[in-house]
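> Structure, please.
(one chain, ligands or ions: 1)
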Amino acid sequence: MAGFQVTTEDQGTSGNPLTLTGGKHMRKALIAAALVWLYGLVQAQSPPDARKTWNDTYAALAAKNEPFLPNPFLTKMVEGKKPGKALDIGMGQGRNALMLAERGWDVTGFDISDVAIDQAKAQAQKRGLKVNAVVADGNRFDYGTDRYDLIAGIYVHGEVTDHSQDLVRALKRGGMLVVEGSHREAAPFGYEPNELLRAFVGRLTVMYYEDAIGQPDGTWKVPGKDLRFVRFVGRKE
Ligand SMILES: C[S@@+](CC[C@H](N)C(=O)[O-])C[C@H]1O[C@@H](n2cnc3c(N)ncnc32)[C@H](O)[C@@H]1O
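Model prediction:
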């Protein structure tokens, strides 16, 4: 695992297999920009409204038949790790949960959007993978105690920091929390400066922290536009 890092240099584009060109590039840019705007809108909504908005988003995304490419940072963080029990918070269509299941992890994922969960289940079945995908609101989810070896919070924001105590309790000793998301400078719902550090320092050992500018994730990036993002890895001792 790379060391502790705080930088504003572009860390994310090198070797990114998701770069697109021409009309497809433009279409992807428009979809990504719309998703960033939509996510901000949803953050201000009550859960039933948020569910409906995300359901509409995922129904539209399914029609576009975009590939289920996992988050590169999470993929790197689990490389060579012995699989165990994992929780994927706000799993969406399950791109990360499926990547973990493929690597032998026993994955539970939840999302407020039943449309996203149906899509995740359909993908799992198509690929012959087992994922425990459940429709749940993170504000009511039973995180449990000493339950997971890995918790992933990828492009979910308040869902991570509002539940920092729950997440730490849910991790087993030696378990790891992996987070990547937008910085507040890039999106109104994103992490404030050092927000993840404030939420977890003293509760988890910080293994990695990055505050940088780039395009770290093919699904949630706006092609051609570098955005400030945050990454965090913490371990429960
Ligand atoms: C930007 S998407 C990220 C999805 C997925 N983690 C990924 O990386 O592709 C944010 C997700 O959080 C989910 N979400 C938003 N609020 C939630 C809540 N209160 N409880 C559970 N899921 C929620 C949305 O439905 C959406 O799927």
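> Can you show me the strands along this structure?
85-89, 106-111, 131-135, 148-154, 171-182, 205-214, 227-235 (DSSP state E).
> Can I get these in JSON lines including mean neighbour count and mean pLDDT?
Just so you know, the C-beta spots here come from the backbone N, C-alpha and C atoms, and that holds for glycine as well. What follows is the strands of the chain, written out as JSON lines (neighbours: other C-beta atoms under 10 Å; pLDDT from 0 to 100):
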{"stretch": "strand 85-89", "mean neighbour count": "25", "mean pLDDT": "98"}
{"stretch": "strand 106-111", "mean neighbour count": "24", "mean pLDDT": "98"}
{"stretch": "strand 131-135", "mean neighbour count": "19", "mean pLDDT": "98"}
{"stretch": "strand 148-154", "mean neighbour count": "25", "mean pLDDT": "99"}
{"stretch": "strand 171-182", "mean neighbour count": "22", "mean pLDDT": "98"}
{"stretch": "strand 205-214", "mean neighbour count": "18", "mean pLDDT": "97"}
{"stretch": "strand 227-235", "mean neighbour count": "23", "mean pLDDT": "97"}
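> Dump those strands into CSV; add distance to residue 117 as well.
Compiled in CSV, these are given as follows (distance: least, C-beta to C-beta, whole Å):
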stretch, distance to residue 117
strand 85-89, 11
strand 106-111, 5
strand 131-135, 5
strand 148-154, 16
strand 171-182, 21
strand 205-214, 29
strand 227-235, 26
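> could you dump the ones you listed to JSON lines with distance to the ligand?
Conversion of the strands of the chain to JSON lines gives the following (distance: least, C-beta to the nearest ligand atom, whole Å):
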{"stretch": "strand 85-89", "distance to the ligand": "7"}
{"stretch": "strand 106-111", "distance to the ligand": "5"}
{"stretch": "strand 131-135", "distance to the ligand": "9"}
{"stretch": "strand 148-154", "distance to the ligand": "4"}
{"stretch": "strand 171-182", "distance to the ligand": "8"}
{"stretch": "strand 205-214", "distance to the ligand": "17"}
{"stretch": "strand 227-235", "distance to the ligand": "12"}
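> what sits against the residue nearest to residue 164 when sequence neighbours are not counted?
In space, residue 164 comes closest to residue 199 once its chain neighbours are excluded; the distance is 4.1 Å by C-beta to C-beta, 6 or more residues apart in numbering. When contacts are counted by C-beta atoms under 8 Å, 6 or more residues apart in numbering, residue 199 touches 160, 161, 164.
> How confident was the prediction at residue 199?
Listed pLDDT for residue 199 reads 98.
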